[in-house]
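Engineer: Structure of the sequence below:
(2 chains)
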Amino acid sequence: MNKQAALLVAVLTAACVAACGNDSDDAVTLWMFPVIADEASGRDFWQKVEEGFERENHVDLRVELQPWASRQEKLGASLMAGDGPDVVLLQSDMIPQYVDAKALQPVDDVLANSERAISPAVVDALSVDDRSYAVPLYRTVTTTVYNRKLFAEAGVTELPQTWDEVKAAAPKLAAHGIPILDYSGSTEASLNLSFYPLLWQAGGSVFTADGTKSAFASAEGVSALRFLVDLDAMHGLPADVATRHSEPPDDAVTTGRAAMAHTMTADGARTVAAAIGARNTAIGLPLRDRTRATYGTPAGLSLLRDAKKPDEARKLLAYLMSPAVVDELCAKSHYFPPWTASSPPSTDEVDKEFAQALPFASPGDTHPLARKVMGLLAPHLQAALIGTTTPERALADAAAEVDAMLRDG
Amino acid sequence: MPRLRASLTVLAFLLPVLVLSAAFRFLPMVGAVGLSLSEYHPGGRWKFVGTENYRSLAGDEIFLASLRTTVTYVALHVPLTVVVALGSALLLNAVPRGRSLFRAALFAPYATSFVLGAVVWRRVLEPTGFLEQPSTVLVALAVVSVWKGFGYAMLVLFAGIRNVPRDCLEAATVDGASAWQRFRHVLLPALRPALFFVIVVETVGAFQVFDTVYVMTGGGPVRASYTLAYAVYDYGFRYFDFGRAAAAGVVLWAIALLVSLGQRRAFDRSP
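Structural biologist: The predicted structure is shown next:
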């Protein structure tokens, strides 16, 4: 009995081990994210894309819809395991890091056959060393969104458009217990949506032109951080600003606990309007100090170096960058098309307002170590916001760490 | 021959555990050590770099600070867990009725999803400002971790208490020992194996703390809760520096192993 049972255990173990092998299939895989915020609409769109591509190319396509949260980490883990997709959606500022990690293949050949002219700025943002590493799908822009009612209740009749105007209005709102600006100081928040736009507005940049050193500890950087610290001293930022990570629908503007946000997406603005009412929601141009600037980035589809079906994946890229697919995606997602003559994706008022911000949008200083720089800089910004150090000291300390990292690779 | 057959039978029964341990414990460990000696790019391209990753960690102030933060966290978490678990186990032992109910209630946090619990705790702690101050954040995280994990330690210690012969305690009582003396000179020595197990498990777990930090603070504020395990995550999955991540992981493993061995020796020596 023991002998038979032992044999059974051994056979079952061997079977389990054999079953652990790769279950390869013939489908091209695409990792896509909730670009279309409405889940049902997004599912229908990608189902249609799957059917259209398979009909035209006689190749199986599997679109895997992933959440935005921790996408970088998930992609990193899947690449590490050698189990990544063939094609993945990346934002322009992520591309240099993946190129540096030797994870992407150039796609210039696909891009050369585009049926419609693509904005040179978009192509440039998706390129590294003059080689394109993504076919553009859409571009995003962020801008300032206000709760008009909170400003009116505080007696502020003109919505602030410059740093000075924000600082002038902050005490009036604070007197009503409302911080003027929702700001995320958490190390989890991307600096592209928090500190960097202020740095650009002050006329500064993250890196020197040649990318070999940091440039944020400049007078402009100090001015940007001083702006935040001064606002905080006036109770112009949420009490938990240093550790806060504001994201719609839980952000302070949507919940009526702050009067404005400086880098909100169009979807975020719609969420605000739905929560506080369209009449109380105002969309403005990006804030201005020395200059007017905001974060906006093209996003594109990249071909991974270890794609299991590279030829079929190139066909997929060509299919997905066709005007028919891109225009429908942009109409449904409310993102802007990547074409030379970019018009608002729909006739919706929010899109029209956001189109005004497009000329001021920039993907920022792209660099292979941009994400690592954010990781080093963010804790020092927190220290200044908490008040344990000055803006000058915080940025100087961060610059020392970043420069050492850039020097050592 | 029968002896050989018996050995083969034993081996066959052990096979599933051996295969699983080899596949999910030993091979990844060997792989991690190999990875820590290389510069690795996604998709399997790698270059042998010797001890370069370890040398770079030794000169990395942020890594060294994460090491200090982790040690501080362990120093807070382990004693707190042992005290709370031992206190709860003693109380549970003293309850005359409804012991199962109390045991289930005290064990409930351990069976709860930690992410869910941490989100609730974050909401609870936000108004207090404990998570926003570098001086208080580690204490707050340790308290939350103790809430989550003490139930398991409590059960182990409770089982230990129940195994202490009643006649020893009764003899001590007859000899005039006070409650404290019975605890200090009878119960505590009898609980040594259970305490050793709890302290080792909690120490190793505390060195590996990640989920609490990930959900509640993201390593902040100002890196005050940036632990070693969080650094491993950052190096690997945020910055794609897999070699350095593996080296940091090996350092973490070596520290946990040394501390566990040290604890074992300390327990063996103490009377």
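Engineer: How many residues are close by the residue in the stretch 301-409 of chain A that chain B sits nearest to?
Structural biologist: The minimum distance from the stretch 301-409 of chain A to chain B, using CB to the nearest CB, falls at A:D306 (3.9 Å). For glycine as for every other residue, the C-beta is placed from the backbone atoms N, C-alpha and C. Applying other CB atoms under 10 Å in any protein chain shown, we find 20 other residues in the vicinity of A:D306.
Engineer: just B:D175 next, same as before
Structural biologist: 9.
Engineer: Distance check, it against A:A313.
Structural biologist: Remark: distance between B:D175 and A:A313 (CB to CB, to the nearest Å) = 82 Å.
Engineer: Can you classify B:E39 by secondary structure?
Structural biologist: Classification of B:E39 using DSSP: H, G, I helix; E, B strand; the rest coil returns strand.
Engineer: Let me know the pLDDT of it.
Structural biologist: Here, the pLDDT recorded for B:E39 equals 88.
Engineer: Now stretch B:7-19: buried residues?
Structural biologist: Buried residues in stretch B:7-19, counting neighbours by 16 or more other CB atoms under 10 Å in any protein chain shown, are found at B:9, B:12, B:15, B:19.
Engineer: swap that for stretch A:91-108, please
Structural biologist: For stretch A:91-108, a neighbour-count test (16+ other CB under 10 Å) marks A:91-101, A:103-107 as buried.
Engineer: So, low pLDDT: which residues of chain B?
Structural biologist: Within chain B, the segments meeting pLDDT under 70 span B:1, B:42-44, B:270-271.
Engineer: what's the longest helix in it?
Structural biologist: helix B:61-94 (DSSP state H).
Engineer: just checking, what packs against that helix?
Structural biologist: Packing partners of helix B:61-94 (3 or more CB pairs under 8 Å, 6 or more residues apart in numbering or on different chains; DSSP states H and E): helix B:99-111, helix B:137-163, helix B:192-207, helix B:228-233, helix B:242-269.
Engineer: Next, the angle helix B:137-163 makes with the helix or strand following the second one.
Structural biologist: Following the chain from helix B:137-163 toward its C-terminal end, the next helix or strand by DSSP states H and E is helix B:166-174. Helix B:166-174 and helix B:137-163 meet at an angle of 100 degrees, taking axes from the mean of the first three to the mean of the last three CA atoms, to 10 degrees as the criterion.
Engineer: which SS class is the residue of the stretch 301-409 of chain A closest to chain B?
Structural biologist: For A:D306, the assignment made with three-state DSSP gives coil.
Engineer: Give me the residues contacting stretch B:179-198.
Structural biologist: B:81-82, B:85-86, B:90, B:153, B:156-157, B:159-161, B:163-164, B:168-169, B:172-173, B:177, B:263-264, B:267 (CB atoms under 8 Å, 6 or more residues apart in numbering or on different chains).
Engineer: Kindly recompute the last result at 6 Å.
Structural biologist: For stretch B:179-198, the surrounding residues in contact (CB atoms under 6 Å, 6 or more residues apart in numbering or on different chains) are B:153, B:156-157, B:160, B:164, B:168-169, B:172, B:267.
Engineer: Determine how far it lies from the middle of the whole chain.
Structural biologist: Its chain's C-alpha centre and that of stretch B:179-198 lie 21 Å apart, by CA atoms, centre = their mean, to the nearest Å.
Engineer: swap in stretch A:195-214?
Structural biologist: In terms of CA atoms, centre = their mean, the gap separating the centre of stretch A:195-214 from the centre of its chain is 18 Å.
Engineer: Counting neighbours, what do you get for the nearest residue in space to A:P391 that is not next to it in sequence?
Structural biologist: Excluding the flanking residues, the one nearest A:P391 by CB to CB, 6 or more residues apart in numbering or on different chains is A:L225, at 3.8 Å. Using other CB under 10 Å, the number of residues around A:L225 comes to 26.
Engineer: End to end on stretch A:76-93, go ahead and measure it.
Structural biologist: Here the two ends of stretch A:76-93 are set 16 Å apart, with distance taken as CA to CA, to the nearest Å.
Engineer: who touches it?
Structural biologist: A:28-33, A:103, A:125-126, A:134, A:297-299, A:301-304, A:307, A:309, A:313, A:316, A:363, A:366, A:370, B:42, B:237, B:240.
Engineer: Can you flag which of those residues belong to helices?
Structural biologist: Secondary structure from DSSP H places A:125, A:313, A:316, A:370 of the contacts of stretch A:76-93 in helices.
Engineer: Could you dump those into TSV with pLDDT and distance to B:W253 added?
Structural biologist: Compiled in TSV, those are given as follows (pLDDT from 0 to 100; distance: CB to CB, whole Å):
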residue	pLDDT	distance to B:W253
A:A125	91	41
A:A313	94	38
A:L316	95	42
A:A370	89	31
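Engineer: among those, which ones are buried?
Structural biologist: By 16+ other CB under 10 Å, these give A:125, A:313, A:316, A:370 as buried.
Engineer: okay, among those, which ones form the most distant pair?
Structural biologist: The most widely separated members of those are A:L316 and A:A370, with 27.6 Å between them, by CB to CB.
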